[in-house]
Structure formats: C-alpha cells, structure tokens
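Q: Okay, sequence plus prediction incoming.
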Amino acid sequence: MPLFVDPANGDYRLDVNSQAVNKGNNDLAISAGLYAGSLDLAGNPRIYGDTIDVGAYEFQTMIVTETETPSTIVTTNIDKINPYDGLISIREALQYANTNDAYSVITFDKSLTGKTIKFNNGELVLDKTLTIDGSGVNIVIDANQQSRVFFVAQNANVTLVGLTITGDAASPTQFVNAPYGGGIFNQGALTILNSKITGNSARNGGGIFNADGTLRIVNCLLAGNVAQGSGGGLLNDARSDKANITNSTIANNTATDGVGGGICTTNVITINNAIVAENTSNNNYYHDIFGLVQGNNNLSSYSQWLNGSENNFVYDSSLPLFVGLLENETYDYHLAEYSQAIDRGNDALAVDAKGNLLVYDLAGNARIQGNAVDIGAYESPYRFPDAPVLGAIEEATTHDSVALEWTRQKDVTVYTLQYKTSGVDWIDVRLETLGNNVTSYTVTGLTPSTAYQFRLIAWYNGKKSEDSNEITAETKAAPTSLVVTTFDDSDNPNDNATSLREAIELVNTGQSEITFDASLFTDGTASIQLADELPTITTALTIDVPFENNAGKWGGAIYQLSGTLDATGGISLLRNEAQWGGGLYLNSGSADLTVAAGDFIPQELTTRFGQALAKNAGATMTINSRDAALIKYLNDFDEFIN
C-alpha cells in the first residue's frame, strides 16, 4: 500500500491512499502538547477529520505536488505555513521577505480588507529591514491571547503601516507569554505609522516595550492596553536609544500596579502634537505620563515638561475631548465637536519619519483642516477661528464713542463685542452684518470721561474663538459749550464740525444751551434739512440763534419739515423772526413742547402768524405750559395743556 506522495524526491506527505491516514491516537497527541489549533510540519491543521494521522504530516484531502511561487503579498488570514496550498500567509510572506537581505515590503491582498489574522504559532520575529504595510486594507493582527504580536530584533529596521495590532487580551492577567510588550517588543529601529495598538497586555509596556532600540510613532492610536506594572500604553526603557511620538493619541490605557498609565519612560522621550489623556495608573499623579518628557503642543494632565518645551495644554476633564462611548459599546477616539484638541497643534511639527508634512490623519482624512493641525491621531472637520487681536483707534475716540479695530479672521463675518465699566457685567453686542474684510467697529452711546473695557469673540460656523486680548479705552470729556458750526445733518465725530443733531446728543449728557456760530448766517438765511428725526430731548434746553432782523419765511429758529420733535424737557427760542412761526414752524409730523412765554423773545418786526410757534394744517403740535399769556404768540396749535 502507498505511504508517501513522492519519497524518492523528498515529498513525505501522506498519499491519498496512505495506510497512515486516521491511524493515530488523539489522546496521545494532546498529552504530548498538541491542541486544536496546532499545525503539522507543513503548517496545516494537525487534526484533519475525526482522528489524527500517523507521522509528521496530516493528510488534507488534496495533494499538490508543486510548491507555490514565493511572494510577499499576503493572500490568506490563516496562520499557517504550507508551501503547497497556493496561499501566502503572513508567516510565509515574512519567510520569503527574509530570504532577501534587500529592502522588502509585505502587503495584503484586497480580499483581506477588514479581516483578522489570528496567530496560532506565537509572535512574529522581525529581524530584517522590512516594511509591513496594511494601508487601505484595515487588517487586524491578533496574537489570540497566546503571545505578543511582534518582536523586533536588534539590527532590524522595521516599519509598520496601517495595521491594528492587538493581543485580544481578555483581562489584565494575560501576561504569561508577554512579560514585556504585549503588542510589540522592540530592540531594533522601529517606525509605526497610521496604526492602532489596542487591547494588548503585559507585565510592563502593555502596548509597546521599547527596550534598547529606537522608536518613532506617527499618526497612531494606543488605547485600551494594560500593564500589570507600569507603562500601560508604552514603556520606554532607560536602555533605549531614542523615542519620538507625533500626532498620536494615547488614551484609556492602564498601569494596574505601577505608574504611567499612558507612558512610562526612564529615558528622555520627545512628544509633539499628541494627546496623552484619560489613562489610569496606581499613582494619582502619574495617570498619563511618568518620566522624562520634552515636546510641544501636547494635551495631557502631565505638567513636568523638560526645559524647551512649549505650548503644552493641561487636559480638562470637564471639557469635550473624544466622541466617546458609542451605542455598540465601542469607544470612538475621533475628536468631539468642541474638543479641546482642535486647532491647537503646531503645523511645522506634524511630520512623518522622513520629515515630510503629514497629508492624512489616522482615518485617512486631510491632516490640516482648520487654522492649525489638531492634536492627536485624528483631524476634526470642525474648526475654531483664531482669537482676534483687539486695539482702540485713539484718534477716533470721542466723548461718547470708542472706535475699535482688530486683526482679520479668515472667513469670519460674525463677532461678539463685549464691553463694560469696572465692577459691572459685560454688555454683549452681536455684530452680524460685517463683511469678510471689515475689521473695525465704533461703540456709541457711551458716557464721557469714562474708562471702558473691551474684548472680542470671533465666530465661524457656530464655533467661537477664545476671547481676544482685553483692552481699556477712555472716552473724552464732553464739550463745555455747544456751538453748532454746520447746517449739515451729520453725526460724524471726526469731521471737526458740530451739527444740531450732535449738539442735542450732547445736551442729553448734561449741557443746557445750544448756540449757533454767527458765521453760518452771513447771507441772512439758514436751513437745516434733517435726514431723520432728531434725538429725543430729555433735559431742559435753550436754543439761541444769535442773529437779528431775520426775514425768513418759515420758522426763524427751527423749520421742521417732517418727523417728530420731542422737547418735553423744555425749549426756548430767542430773538427769531419769520413770516410763519417766529421761533418754530412745523410743516408736517408732530411736535410735543414744554414752553413758557419767557422762553420766546420775538422780534418786533414782520412776523405775521405765530410770533413764537406756527404749524401747517397737516401737522400736530402739543404745547405743555401753565402760562396762558403764551397764547398770543401761537398760531393754530392742536392742544394747549394749561
């Protein structure tokens, strides 16, 4: 009876009709250390069928007489070595790569997208110059609770890209086969890019143990790893050459009985643009990091950064950071909408192992989307505008207004301006009609000779900036005499002229008499055309026009074309003359006046109708007075309240 396939040529696999098939004893095999996941000499399942075969090889139904073509493209997620099955496992790809000392790259067939490779035969030893690249395949490499995943040997130069590396540790007690480095133990030169190291466990260095090698981690997530001792996410040993971490997230790792839930380092480690937060340890002060760390623009509870470190932010557990726990009980480490990590990185430090600026984040999204790179492995689509730099325009400040200017914010058209005086609450002014290039605003209605504090907030797509710098500006003193110098109806504090409108505004701040510059009347006529109704007069007012013998036709002092004149605080019109209304003529609209006979000193000339006041038939005039003698100066008023 046949026994082997081709013993003459060295093929000792069992023939299809071999007398050794199914002739073994399963109990004896198990007592010798073989188990359900064990493989035969060819890397095939050790027990195929009901009973183990006799010999080193297990019959697999089909006999292939030709070996497969060596390749570094992994085509199966089964952890085996079988040169006859036409499939390339990761172990086989590693063997084929290691037959050549030149640079080799192991990749994965697209058919493995989203698949998991579970180890049955222990860790993979990486001892050559090698890249394992899972980009675009989303491949998971799982040590299956039996060992660590990768051992990087001395003198090896290894790059791991686009992998999820997990030990599938069920509890912190899974340390037997991986006392150091549950996911990776490194003694060589190791670079990890765009990868996740999650769910690993070890006595020390639950995710990674960097022994006496060099380590660079870029765009990576280290999360959910457990160390029984120290360094839940990473332990960087004192023997290590150097370690660098860039734009990575190290969170929710645990050091059960030691320090550094996120990172424990006994040698200097450099970290830039990284989140090391929400980790736990047995020491209340070193949950996130323990040891010697330098770097810039990081977010962590760690505060003992070495000299030269800049712009490191203290993690605030009351503020959003990650999206967090989802309904399916998985944890999402993308940044929350208002995350404290958004736009806080340093663009110049967001570089890969070769010094090139990062193009994508861990999820494959554009790496820089806002005003600056985000901190951590993931870039948020949300952006926050920069805080404006605010200043006052001194030459434009008046007795009742302060002009402000600020640095232009890209795409920002909405601002919140806040101002107050000392000891009171902020007053908010929402500026929503400013154009993209408008960077100034004048706050009006202020009190003369008063110091105000100002600050500004920029808004973009509902996201607000931090407060601007806070400045103090003081309004100027109000004028002591109010002399109208222009007949233009303007309200421009910077035109070096005082209009009647501006004068009335000043009257309401405490002045009592408005006069007119005599030079306005050199031609014997005067007219003010109002663009809008005048401000309400809230205090007693005297308007004194310093000319005599005026022969104007309508309103010697005031000709109101339309609108509303409110002078219930009191008004006096002195030494004026016109054919209609020596003091005031109301053409249309309404006037509400508080007057007395002594408030009018008409000329003794040609005023024909209303030496004090007159109005058109279509207008409404209400006069509040207790002086009945005033009636002789009036023409056609509507209501006289005596």
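A: Looks like it came in fine. Keep in mind the model is a prediction, meaning the values are calculated, not measured. Residues are numbered from 1 along each chain as shown.

Q: so His287 sits right up against Cys264, yeah?
A: No. Taking contacts as C-beta atoms under 8 Å, His287 lies outside contact range of Cys264: 11.2 Å. C-beta: built from backbone N, CA, C; applies to glycine.

Q: OK, contacts around the most centrally placed residue in the chain?
A: Residue closest to the average C-alpha location in the chain (C-alpha atoms, centre = their mean): Ile342, at 3.1 Å. Contact analysis of Ile342 by C-beta atoms under 8 Å, 6 or more residues apart in numbering lists 335, 370, 374, 380, 382-384.

Q: What distance do you get for it to Gly364?
A: Relative to Gly364, Ile342 is positioned 18 Å away (C-beta to C-beta, to the nearest Å).

Q: for Gly49, same thing?
A: Gly49 is 45 Å from Gly364, by C-beta to C-beta.

Q: Point out where the stretch 301-450 of the chain drops to low pLDDT.
A: For the stretch 301-450 of the chain, the stretches with pLDDT under 70 are 433-436.

Q: show me where it has strands.
A: 313-314, 322-325, 331-335, 390-392, 402-406, 414-420, 427-431, 440-443 (DSSP state E, counting those that start in this stretch).

Q: partner strands of the longest one, parallel or antiparallel?
A: According to DSSP bridges, the neighbouring strands of strand 414-420, each with its direction, are strand 427-431 (antiparallel), strand 451-460 (antiparallel).

Q: Extract the C-alpha set from the first one and format it as CSV.
A: Listed next in CSV are the C-alpha coordinates belonging to strand 427-431 (Å, rounded to 0.1, in the frame of the first residue of the first chain):
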residue,chain,number,x,y,z
ILE,A,427,-22.6,94.0,27.7
ASP,A,428,-22.8,91.9,24.6
VAL,A,429,-23.1,93.4,21.1
ARG,A,430,-23.7,90.9,18.3
LEU,A,431,-22.0,92.1,15.1
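
Q: I'd like the distance from it to the chain centre, please.
A: Put simply, strand 427-431 sits 23 Å off its chain's centre (C-alpha atoms, centre = their mean, to the nearest Å).

Q: Could I get the average pLDDT for the helix or strand hosting Thr266?
A: Assigned by DSSP states H and E, Thr266 belongs to strand 263-272. Averaged across strand 263-272, pLDDT comes to 95.

Q: just the strands of the stretch 301-450 of the chain: most buried one?
A: Mean neighbours per residue, mean count of other C-beta atoms under 10 Å, is largest over the strands of the stretch 301-450 of the chain for strand 402-406, with a mean of 21.

Q: Kindly calculate the angle that it makes with strand 414-420.
A: 140 degrees (axes from the mean of the first three to the mean of the last three C-alpha atoms, to 10 degrees).

Q: what's strand 402-406 packed up against?
A: Here strand 402-406 touches strand 390-392, strand 440-443, strand 451-460, going by 3 or more C-beta pairs under 8 Å, 6 or more residues apart in numbering; DSSP states H and E.

Q: Tell me which of the ones you listed lies nearest to Phe516.
A: Of all those, it is strand 440-443 that lies closest to Phe516, at 27.0 Å by C-beta to C-beta.

Q: strand partners of the closest one, parallel vs antiparallel please.
A: Sheet pairing of strand 440-443 (DSSP bridges) gives strand 402-406 (antiparallel).
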